[in-house]
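>>> Coordinates for the following, if possible.
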Amino acid sequence: MQPLATRPILSTIFALALAPAVAGPALAQQEPPSEPPADWEATAIDYSNVPYPHPVDYLTVRLMGQDHRMAYMDVAPTGEANGRTAVIFHGMNFFAGAYGITIDALSDAGFRVIAIDRLGFGRSSKPLVHYNLHMPARHTKALLDELGLERVAIVGHSMGGMVATRFASTYPDVTSHVVMVNQIGLSDTRPGRPWGDPEAAFQRVLTGTTYQSVLAGHRRYYPNGWRDEYLPWVKVQYGLTLGGDWPRMARVRSSQQRILYEDPVVHEWQYIGTRALVIGGSDDRLVRDYPAAARNVAERLQNAELVLFPGVGHSPHFEIPDEFHAELIRFLRSDPDEPADQSWR
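Model prediction:
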């Protein structure tokens, strides 16, 4: 599959909502189990029983007078090193270990790759705090300082795209490139929507999270049908509800979910001059009219390219990994100090 456009224009592609449909990946013939398999175990709150594709290290971060651990993978290039580093921010229903396919693609292409579990996710600490996007941005900068990295490319998927936006707007001199992969939070939802009680939000997560609800959420990511390879991410997320730490984890998750309402990033795009790439599947069912929303982001950024894959959903790195990673690597290899291609406008 190719993005919507005629090659060789790789960097400036936009799929108009009225464009003819282009065939996506072959429809999968698989179906997930209707009930959770009997042998699924609880996911440990520290993800100690969840496999990660590379060794995990930890950085101690200070937050509200307490020390916490932020987990991360630091993966050296396996291909010819190009001297560049890419930082990956995961989405709300994932964790750093789920991005092994992207880590390996970038490593093979010569990049050093840092993949972070922000606080509240994966193997990082799960403090009971009021979460916002400043926290992962600040903690990531502390990690880069610890590793002696002065300039890096930032890649964020889904809610990780919101983190990428906040990092790029806060630390422009540190950010060589910024990539927003099917970013959520593409509008400010506060106008006309009253603030809600956090305790009520917690109770909804605590009592309303089931295997069926988790599975339904993941199925929305894949408009071309289910594949068995997607099931591990359901297992990890649903497994959190099976352990004794679920009440704590539910409170953490409900606080993270409130970031969408309480800490929007839409007003920051206009200030980001970093070379940017807005990229994703055009059939993203998490966002109303994702192509139009993605174009709005690219237009408001000062120096952006736009690449949309027709017929692909919220997680193009899983659905069409070869095509997605080819575009990602092409962009990350570009000169960060040159203007982005604007022919999509």
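>>> How confident was the prediction at residue 15?
The confidence metric pLDDT takes the value 35 at residue 15.
>>> Sorry, wrong one. I was asking about residue 4.
pLDDT recorded at residue 4 is 53.
>>> Contacts only, for the closest residue to residue 125 other than its chain neighbours.
Of all residues not flanking residue 125 in the chain, residue 68 sits nearest, at 3.7 Å (Cβ to Cβ, 6 or more residues apart in numbering). All C-beta spots, glycine's among them, are computed from the backbone N, C-alpha and C. The contact partners of residue 68, by Cβ atoms under 8 Å, 6 or more residues apart in numbering, come to 60-62, 119, 124-125, 127.
>>> what's the distance between the one helix or strand residue 68 maps to and the middle of its chain?
Using DSSP states H and E, residue 68 sits within strand 66-75. Computed by Cα atoms, centre = their mean, to the nearest Å, the chain-centroid distance of strand 66-75 equals 18 Å.
>>> Quick check: next helix or strand after it?
Remark: after strand 66-75, the chain's next helix or strand is strand 85-89, criterion DSSP H and E.
>>> Quick one: list the elements packing against that following strand.
In terms of contacts (3 or more Cβ pairs under 8 Å, 6 or more residues apart in numbering; DSSP states H and E), strand 85-89 is packed against helix 100-108, strand 112-117, helix 134-147, strand 152-157, helix 159-170.
>>> Not counting residues beside it along the chain, what's closest to the spatially most central residue of the chain?
Centroid-nearest residue in the chain: residue 157, 2.0 Å away (criterion: Cα atoms, centre = their mean). Spatial nearest neighbour of residue 157, excluding adjacent residues (Cβ to Cβ, 6+ apart): residue 181 at 4.2 Å.
>>> Quick check: bridge partners of that neighbour?
Residue 181 forms beta bridges with residue 157, residue 279, as assigned by DSSP bridges.
>>> oh, and call the first residue 419 from now on, that's how I've got it
Sounds good: first residue 419 from here, last item residue 599.
>>> Please tell me how far it sits from residue 678.
Computed as Cβ to Cβ, to the nearest Å, the residue 599 to residue 678 distance reads 17 Å.
>>> And residue 487, by the same measure?
Residue 487 sits 26 Å away from residue 678, going by Cβ to Cβ.
>>> low-confidence ranges in the stretch 419-568 of the chain?
By pLDDT under 70, the weakly predicted segments of the stretch 419-568 of the chain are 419-447.
>>> Helix, strand, or coil at the nearest residue to residue 680 once chain neighbours are set aside?
Nearest in space to residue 680, with sequence neighbours left out and distances taken as Cβ to Cβ, 6+ apart, is residue 550 at 7.2 Å. At residue 550, secondary structure determined by DSSP: H, G, I helix; E, B strand; the rest coil is coil.
>>> Around residue 550, count how many other residues there are.
When counting by other Cβ atoms under 10 Å, one arrives at 16 neighbours for residue 550.
>>> Dump the C-alpha coordinates for stretch 711-721 into CSV.
What follows is stretch 711-721, C-alpha atoms only, in CSV (Å, rounded to 0.1, in the frame of the first residue of the first chain):
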residue,chain,number,x,y,z
ALA,A,711,-8.6,16.9,11.5
ALA,A,712,-5.1,15.9,10.5
ARG,A,713,-5.0,18.5,7.8
ASN,A,714,-6.0,21.1,10.4
VAL,A,715,-3.0,20.1,12.5
ALA,A,716,-0.6,20.3,9.6
GLU,A,717,-1.9,23.7,8.6
ARG,A,718,-1.5,25.1,12.1
LEU,A,719,2.0,23.8,12.5
GLN,A,720,4.6,26.1,11.0
ASN,A,721,6.7,23.5,9.1
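>>> Show the average pLDDT along it.
For stretch 711-721, the mean pLDDT works out to 97.
>>> Other residues contacting it?
With Cβ under 8 Å, 6+ apart as the test, stretch 711-721 has contacts from 432, 598, 601, 604-605, 687-694, 696, 698, 705, 722-724, 726, 757-758, 762-763.
>>> Check which residues of it are buried.
By neighbour count on 16 or more other Cβ atoms under 10 Å, the buried set for stretch 711-721 is 711-716, 718-719, 721.
>>> got it, and stretch 740-747?
By 16+ other Cβ under 10 Å, the buried positions in stretch 740-747 come out as 741-747.
>>> Tell me which of those fall in helices.
741-747 (DSSP state H).
>>> Need the max-distance pair from those residues.
Farthest-apart pair in those is 741 and 747; separation 11.2 Å (Cβ to Cβ).
>>> before we move on, the earlier item: ok, the ones in helices among the buried residues of stretch 740-747 vs residue 585, which is closest?
residue 746 (17.3 Å).
>>> So that closest one sits against residue 697, correct?
Yes: under the criterion of Cβ atoms under 8 Å, residue 746 makes contact with residue 697 at 7.1 Å.
>>> Identify the contacts common to the two.
In terms of Cβ under 8 Å, 6+ apart, residue 746 and residue 697 are both contacted by the residues residue 597.
>>> quick revisit: for the residue nearest to the centre of the chain, list the residues it contacts.
506-509, 512, 517, 599-601, 733, 735.
>>> And the helices in this protein?
Counting by DSSP H, the chain has helices at residues 518-526, 552-565, 577-588, 616-626, 629-637, 649-657, 664-675, 677-680, 708-718, 734-737, 739-750.
>>> Burial check on residue 632, number of neighbours?
Count around residue 632 with other Cβ under 10 Å applied: 21.
>>> That one: what's it in contact with?
Listed by Cβ under 8 Å, 6+ apart, the contact partners of residue 632 are 511, 652, 655-656.
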